[in-house]
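>>> I would like to see how this sequence folds:
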Amino acid sequence: MQGVLSGFAVIAVVIGVGYVTGRRGYLGGQARDVLTKLAFRIASPALLFTLLAEADLSLVFSGRLLVTALSTAAVAGVFVAVGAVRRWGVGRTTIGALCSSYVNSGNLGIPIAVYVLGDASLVAPVLLFQLVMVAPVALTILDLATAGGKQPLGRRLLTPLRNPVALGSLAGVAVAASGVEIPGPVMDPLTLIGNMAVPAVLLAFGISLRGSAPPLRGGERGPVLLAVALKSVGQPVVAWALAVGVFGLRGAQVLDVVVTSALPAAQNLFTYASSYRVGETLAREAVLVSTLLSVPVLVVVAAVLG
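Okay, here's the model as predicted:
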(Lines give C-alpha, C1' and ligand atoms only; values in the text may rest on other atoms or scores of the structure.)
Protein backbone atom coordinates (compact mmCIF):
# COMPACT_ATOMS: atom_id res chain seq x y z
CA MET A 1 0.00 0.00 0.00
CA GLN A 2 3.02 2.29 0.16
CA GLY A 3 2.73 3.10 -3.55
CA VAL A 4 -0.93 4.07 -3.27
CA LEU A 5 -0.38 6.31 -0.25
CA SER A 6 2.84 7.92 -1.47
CA GLY A 7 1.36 8.68 -4.89
CA PHE A 8 -1.66 10.38 -3.38
CA ALA A 9 0.46 12.21 -0.81
CA VAL A 10 2.55 13.87 -3.53
CA ILE A 11 -0.54 15.00 -5.42
CA ALA A 12 -2.27 16.27 -2.28
CA VAL A 13 0.72 18.38 -1.22
CA VAL A 14 1.09 20.11 -4.60
CA ILE A 15 -2.66 20.75 -4.89
CA GLY A 16 -2.57 22.14 -1.34
CA VAL A 17 0.23 24.51 -2.31
CA GLY A 18 -1.90 25.65 -5.24
CA TYR A 19 -4.89 26.24 -2.98
CA VAL A 20 -2.85 28.34 -0.54
CA THR A 21 -1.29 30.24 -3.45
CA GLY A 22 -4.71 31.07 -4.84
CA ARG A 23 -6.17 31.95 -1.47
CA ARG A 24 -3.30 34.32 -0.64
CA GLY A 25 -3.17 35.76 -4.15
CA TYR A 26 0.58 35.25 -4.47
CA LEU A 27 0.44 34.98 -8.28
CA GLY A 28 -2.38 37.43 -8.95
CA GLY A 29 -5.92 36.98 -10.19
CA GLN A 30 -4.94 35.38 -13.51
CA ALA A 31 -2.70 32.69 -12.02
CA ARG A 32 -4.96 29.77 -12.88
CA ASP A 33 -5.40 30.86 -16.49
CA VAL A 34 -1.67 31.44 -16.94
CA LEU A 35 -0.75 28.04 -15.46
CA THR A 36 -3.43 26.33 -17.53
CA LYS A 37 -2.14 27.90 -20.75
CA LEU A 38 1.44 27.07 -19.78
CA ALA A 39 0.53 23.42 -19.23
CA PHE A 40 -1.71 23.06 -22.27
CA ARG A 41 0.21 24.99 -24.90
CA ILE A 42 3.85 24.57 -23.88
CA ALA A 43 4.72 22.14 -21.09
CA SER A 44 2.34 19.25 -21.85
CA PRO A 45 3.21 19.03 -25.57
CA ALA A 46 6.92 18.99 -24.63
CA LEU A 47 6.36 16.32 -21.98
CA LEU A 48 4.33 14.09 -24.29
CA PHE A 49 6.84 14.45 -27.09
CA THR A 50 9.80 13.45 -24.90
CA LEU A 51 7.90 10.51 -23.39
CA LEU A 52 6.62 9.10 -26.66
CA ALA A 53 9.74 9.79 -28.74
CA GLU A 54 11.62 7.20 -26.65
CA ALA A 55 8.69 4.82 -26.04
CA ASP A 56 8.44 1.19 -27.17
CA LEU A 57 5.49 1.32 -29.55
CA SER A 58 5.15 -2.48 -29.51
CA LEU A 59 3.41 -2.02 -26.16
CA VAL A 60 0.44 -0.61 -28.04
CA PHE A 61 -0.38 -4.08 -29.35
CA SER A 62 -0.23 -5.90 -26.01
CA GLY A 63 -3.13 -8.02 -24.81
CA ARG A 64 -3.46 -5.94 -21.67
CA LEU A 65 -3.93 -2.85 -23.78
CA LEU A 66 -6.96 -4.43 -25.44
CA VAL A 67 -8.57 -4.80 -22.03
CA THR A 68 -7.79 -1.15 -21.27
CA ALA A 69 -9.09 0.03 -24.64
CA LEU A 70 -12.35 -1.91 -24.41
CA SER A 71 -13.05 -0.94 -20.80
CA THR A 72 -12.33 2.70 -21.66
CA ALA A 73 -14.69 2.58 -24.63
CA ALA A 74 -17.40 0.85 -22.58
CA VAL A 75 -17.61 3.34 -19.72
CA ALA A 76 -17.10 6.37 -21.97
CA GLY A 77 -19.87 5.04 -24.21
CA VAL A 78 -22.25 4.84 -21.26
CA PHE A 79 -21.59 8.48 -20.36
CA VAL A 80 -21.99 9.58 -23.99
CA ALA A 81 -25.31 7.72 -24.25
CA VAL A 82 -26.65 9.31 -21.07
CA GLY A 83 -25.32 12.72 -22.14
CA ALA A 84 -27.09 12.41 -25.49
CA VAL A 85 -30.38 11.48 -23.83
CA ARG A 86 -30.09 14.27 -21.26
CA ARG A 87 -28.86 16.76 -23.89
CA TRP A 88 -25.77 17.83 -21.97
CA GLY A 89 -24.07 19.13 -25.12
CA VAL A 90 -21.16 17.75 -27.12
CA GLY A 91 -18.38 19.58 -25.27
CA ARG A 92 -19.72 18.89 -21.79
CA THR A 93 -20.44 15.26 -22.64
CA THR A 94 -16.93 14.83 -24.03
CA ILE A 95 -15.39 16.14 -20.82
CA GLY A 96 -17.64 13.84 -18.79
CA ALA A 97 -16.75 10.83 -20.91
CA LEU A 98 -13.06 11.58 -20.35
CA CYS A 99 -13.63 11.90 -16.58
CA SER A 100 -15.32 8.49 -16.70
CA SER A 101 -12.48 6.69 -18.44
CA TYR A 102 -9.19 8.67 -18.74
CA VAL A 103 -6.99 7.52 -15.86
CA ASN A 104 -4.17 9.29 -14.04
CA SER A 105 -1.48 7.07 -15.54
CA GLY A 106 1.39 9.53 -15.16
CA ASN A 107 2.09 11.23 -11.85
CA LEU A 108 -0.07 8.74 -9.89
CA GLY A 109 0.02 5.66 -12.10
CA ILE A 110 3.80 5.39 -12.21
CA PRO A 111 4.45 5.28 -8.44
CA ILE A 112 1.54 2.88 -7.93
CA ALA A 113 2.87 0.66 -10.72
CA VAL A 114 6.26 0.61 -8.99
CA TYR A 115 5.09 -0.08 -5.44
CA VAL A 116 1.91 -2.11 -6.02
CA LEU A 117 2.63 -3.92 -9.28
CA GLY A 118 6.43 -3.95 -8.99
CA ASP A 119 7.10 -2.67 -12.52
CA ALA A 120 6.73 0.91 -13.78
CA SER A 121 6.59 -0.26 -17.40
CA LEU A 122 3.18 -1.85 -16.79
CA VAL A 123 1.55 1.56 -16.94
CA ALA A 124 3.20 2.41 -20.27
CA PRO A 125 0.53 0.76 -22.49
CA VAL A 126 -2.21 2.76 -20.78
CA LEU A 127 -0.18 5.96 -21.09
CA LEU A 128 0.49 5.36 -24.78
CA PHE A 129 -3.11 4.45 -25.54
CA GLN A 130 -4.45 7.57 -23.88
CA LEU A 131 -1.89 9.92 -25.39
CA VAL A 132 -1.87 8.51 -28.90
CA MET A 133 -5.54 7.62 -29.39
CA VAL A 134 -7.91 8.96 -26.73
CA ALA A 135 -6.53 12.48 -26.23
CA PRO A 136 -6.22 13.45 -29.93
CA VAL A 137 -9.74 12.20 -30.69
CA ALA A 138 -11.30 13.89 -27.66
CA LEU A 139 -9.45 17.17 -28.21
CA THR A 140 -10.46 17.19 -31.87
CA ILE A 141 -14.10 16.80 -30.82
CA LEU A 142 -13.70 19.66 -28.33
CA ASP A 143 -12.04 21.81 -31.00
CA LEU A 144 -14.93 21.23 -33.38
CA ALA A 145 -17.63 21.57 -30.70
CA THR A 146 -16.33 24.90 -29.39
CA ALA A 147 -15.31 26.44 -32.73
CA GLY A 148 -18.60 28.30 -33.15
CA GLY A 149 -20.22 27.84 -36.52
CA LYS A 150 -19.38 25.59 -39.42
CA GLN A 151 -15.81 25.06 -40.50
CA PRO A 152 -14.57 24.11 -43.97
CA LEU A 153 -13.95 20.40 -44.43
CA GLY A 154 -10.21 20.91 -44.91
CA ARG A 155 -9.96 22.85 -41.66
CA ARG A 156 -11.83 20.10 -39.81
CA LEU A 157 -9.51 17.42 -41.14
CA LEU A 158 -6.50 19.41 -39.95
CA THR A 159 -7.93 20.00 -36.46
CA PRO A 160 -5.61 17.48 -34.70
CA LEU A 161 -2.58 19.24 -36.20
CA ARG A 162 -3.61 22.56 -34.64
CA ASN A 163 -3.96 21.21 -31.12
CA PRO A 164 -0.68 21.50 -29.18
CA VAL A 165 -1.27 18.41 -26.99
CA ALA A 166 -2.29 16.21 -29.89
CA LEU A 167 0.53 17.59 -32.04
CA GLY A 168 3.14 16.85 -29.36
CA SER A 169 1.83 13.29 -28.98
CA LEU A 170 1.73 12.57 -32.71
CA ALA A 171 5.19 14.05 -33.24
CA GLY A 172 6.60 11.85 -30.47
CA VAL A 173 5.02 8.74 -32.00
CA ALA A 174 6.44 9.66 -35.42
CA VAL A 175 9.95 9.96 -33.97
CA ALA A 176 9.62 6.66 -32.09
CA ALA A 177 8.36 4.88 -35.21
CA SER A 178 11.18 6.27 -37.35
CA GLY A 179 13.88 5.16 -34.93
CA VAL A 180 15.57 8.57 -35.13
CA GLU A 181 17.51 9.50 -31.99
CA ILE A 182 17.00 13.12 -30.97
CA PRO A 183 20.33 14.71 -29.93
CA GLY A 184 20.75 15.78 -26.31
CA PRO A 185 20.98 19.54 -27.01
CA VAL A 186 17.49 19.31 -28.54
CA MET A 187 15.90 16.80 -26.14
CA ASP A 188 17.26 18.26 -22.89
CA PRO A 189 15.49 21.66 -23.17
CA LEU A 190 12.25 19.89 -24.13
CA THR A 191 12.60 17.61 -21.11
CA LEU A 192 13.18 20.60 -18.85
CA ILE A 193 10.10 22.39 -20.22
CA GLY A 194 8.04 19.20 -20.03
CA ASN A 195 8.90 18.80 -16.36
CA MET A 196 6.72 21.86 -15.68
CA ALA A 197 3.57 20.16 -16.96
CA VAL A 198 2.49 18.09 -13.94
CA PRO A 199 3.26 20.77 -11.29
CA ALA A 200 1.49 23.42 -13.39
CA VAL A 201 -1.61 21.23 -13.77
CA LEU A 202 -1.74 20.40 -10.05
CA LEU A 203 -1.14 24.01 -8.96
CA ALA A 204 -3.85 25.28 -11.32
CA PHE A 205 -6.21 22.63 -9.99
CA GLY A 206 -5.47 23.71 -6.40
CA ILE A 207 -6.00 27.37 -7.24
CA SER A 208 -9.38 26.50 -8.81
CA LEU A 209 -10.57 25.07 -5.48
CA ARG A 210 -10.39 28.51 -3.84
CA GLY A 211 -13.89 29.81 -3.36
CA SER A 212 -15.50 26.85 -5.13
CA ALA A 213 -18.56 25.16 -3.66
CA PRO A 214 -18.18 21.72 -2.06
CA PRO A 215 -18.46 18.96 -4.68
CA LEU A 216 -21.77 17.31 -5.53
CA ARG A 217 -23.86 20.27 -4.36
CA GLY A 218 -24.17 22.32 -7.54
CA GLY A 219 -25.86 21.99 -10.90
CA GLU A 220 -23.32 19.42 -12.09
CA ARG A 221 -24.26 16.88 -9.42
CA GLY A 222 -25.80 14.39 -11.88
CA PRO A 223 -22.96 14.34 -14.43
CA VAL A 224 -20.33 14.26 -11.68
CA LEU A 225 -21.97 11.33 -9.89
CA LEU A 226 -22.25 9.41 -13.14
CA ALA A 227 -18.64 10.11 -14.14
CA VAL A 228 -17.30 9.16 -10.70
CA ALA A 229 -19.37 5.97 -10.52
CA LEU A 230 -18.16 4.88 -13.95
CA LYS A 231 -14.53 5.78 -13.20
CA SER A 232 -14.25 4.41 -9.66
CA VAL A 233 -16.42 1.30 -9.97
CA GLY A 234 -17.54 0.72 -13.53
CA GLN A 235 -14.19 0.77 -15.30
CA PRO A 236 -12.31 -1.59 -12.93
CA VAL A 237 -15.28 -4.01 -12.90
CA VAL A 238 -15.48 -4.01 -16.70
CA ALA A 239 -11.69 -4.46 -16.93
CA TRP A 240 -11.84 -7.43 -14.54
CA ALA A 241 -14.71 -9.05 -16.48
CA LEU A 242 -12.90 -8.62 -19.81
CA ALA A 243 -9.56 -9.83 -18.45
CA VAL A 244 -10.99 -12.99 -16.87
CA GLY A 245 -13.99 -13.79 -19.04
CA VAL A 246 -12.84 -12.73 -22.52
CA PHE A 247 -9.05 -12.73 -22.63
CA GLY A 248 -8.43 -15.48 -20.10
CA LEU A 249 -5.86 -13.53 -18.08
CA ARG A 250 -4.90 -14.88 -14.68
CA GLY A 251 -3.04 -13.86 -11.54
CA ALA A 252 -0.74 -10.87 -11.81
CA GLN A 253 -2.01 -9.97 -15.28
CA VAL A 254 -5.53 -9.47 -13.94
CA LEU A 255 -4.20 -7.38 -11.06
CA ASP A 256 -2.24 -5.20 -13.50
CA VAL A 257 -5.19 -4.27 -15.70
CA VAL A 258 -7.65 -3.80 -12.83
CA VAL A 259 -5.27 -1.57 -10.83
CA THR A 260 -4.56 0.66 -13.83
CA SER A 261 -8.30 0.86 -14.61
CA ALA A 262 -9.06 1.81 -10.99
CA LEU A 263 -6.79 4.85 -11.08
CA PRO A 264 -8.73 8.13 -10.71
CA ALA A 265 -9.50 10.63 -13.45
CA ALA A 266 -6.40 12.50 -14.57
CA GLN A 267 -5.84 16.08 -13.40
CA ASN A 268 -5.02 17.26 -16.90
CA LEU A 269 -8.69 16.77 -17.81
CA PHE A 270 -9.35 19.94 -15.82
CA THR A 271 -6.71 21.64 -17.97
CA TYR A 272 -8.55 20.55 -21.12
CA ALA A 273 -11.90 21.74 -19.72
CA SER A 274 -10.42 25.09 -18.69
CA SER A 275 -8.71 25.57 -22.05
CA TYR A 276 -11.97 25.05 -23.94
CA ARG A 277 -14.15 26.77 -21.30
CA VAL A 278 -16.55 23.83 -21.15
CA GLY A 279 -17.40 21.44 -18.32
CA GLU A 280 -14.91 23.04 -15.90
CA THR A 281 -16.94 22.35 -12.76
CA LEU A 282 -17.69 18.83 -13.95
CA ALA A 283 -14.00 18.11 -14.54
CA ARG A 284 -12.83 19.67 -11.27
CA GLU A 285 -15.35 17.83 -9.09
CA ALA A 286 -15.03 14.50 -10.93
CA VAL A 287 -11.24 14.56 -10.61
CA LEU A 288 -11.40 15.50 -6.93
CA VAL A 289 -14.04 12.94 -5.90
CA SER A 290 -12.62 10.09 -8.00
CA THR A 291 -9.16 10.77 -6.54
CA LEU A 292 -10.53 10.54 -2.99
CA LEU A 293 -12.50 7.37 -3.76
CA SER A 294 -9.63 5.67 -5.55
CA VAL A 295 -7.72 5.23 -2.28
CA PRO A 296 -10.15 2.67 -0.79
CA VAL A 297 -10.85 1.21 -4.25
CA LEU A 298 -7.17 0.52 -4.92
CA VAL A 299 -6.69 -0.90 -1.42
CA VAL A 300 -9.60 -3.33 -1.98
CA VAL A 301 -8.36 -4.30 -5.46
CA ALA A 302 -4.84 -4.97 -4.17
CA ALA A 303 -6.21 -6.97 -1.21
CA VAL A 304 -8.57 -9.12 -3.30
CA LEU A 305 -6.46 -9.72 -6.40
CA GLY A 306 -2.95 -9.27 -5.00
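
>>> can you give me the mean pLDDT across whichever strand or helix holds Val238?
Element membership for Val238, per DSSP states H and E: helix 235-241. Averaging pLDDT along helix 235-241 gives 96.

>>> in that helix, what's buried?
Using 16 or more other Cβ atoms under 10 Å as the test for burial, helix 235-241 gives Gln235, Pro236, Val237, Val238, Ala239, Trp240. Every C-beta, even on glycine, is put in place using the N, C-alpha and C of the backbone.

>>> now what about it, what contacts it?
With Cβ atoms under 8 Å, 6 or more residues apart in numbering as the contact definition, helix 235-241 has outside contacts at 67-68, 70-72, 74-75, 100-101, 103, 254, 257-258, 260-262, 297, 301, 305.

>>> which residues does the nearest residue to Val103 once chain neighbours are set aside contact?
Of all residues not flanking Val103 in the chain, Leu263 sits nearest, at 4.0 Å (Cβ to Cβ, 6 or more residues apart in numbering). Leu263 is in contact with Val103, Asn104, Ser105, Leu108, Gly109, Ile112, Ser294, Leu298, counting by Cβ under 8 Å, 6+ apart.

>>> where does the stretch 101-250 of the chain have low pLDDT?
106-107, 110-111, 114-116, 118-121, 148-162, 212-213 (pLDDT under 70).

>>> Going by neighbour count, which of the contacts of Leu263 comes out on top?
Ile112 (29 neighbours; other Cβ atoms under 10 Å).

>>> And Pro199, how close does it get to Phe205?
11 Å (Cβ to Cβ, to the nearest Å).

>>> One more: Leu142?
Shown here: Leu142 relative to Phe205, a distance of 18 Å by Cβ to Cβ.

>>> Now that Trp88 has come up, it's in contact with Pro223, right?
Yes. Counting by Cβ atoms under 8 Å, Trp88 touches Pro223, with 6.4 Å between them.

>>> For the contacts of Leu263, give me TSV that also has secondary structure and distance to Gly218.
Output for these, formatted as TSV (DSSP: H, G, I helix; E, B strand; the rest coil; distance: Cβ to Cβ, whole Å):
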residue	secondary structure	distance to Gly218
Val103	strand	25
Asn104	coil	23
Ser105	coil	28
Leu108	coil	26
Gly109	helix	29
Ile112	helix	30
Ser294	helix	22
Leu298	helix	27
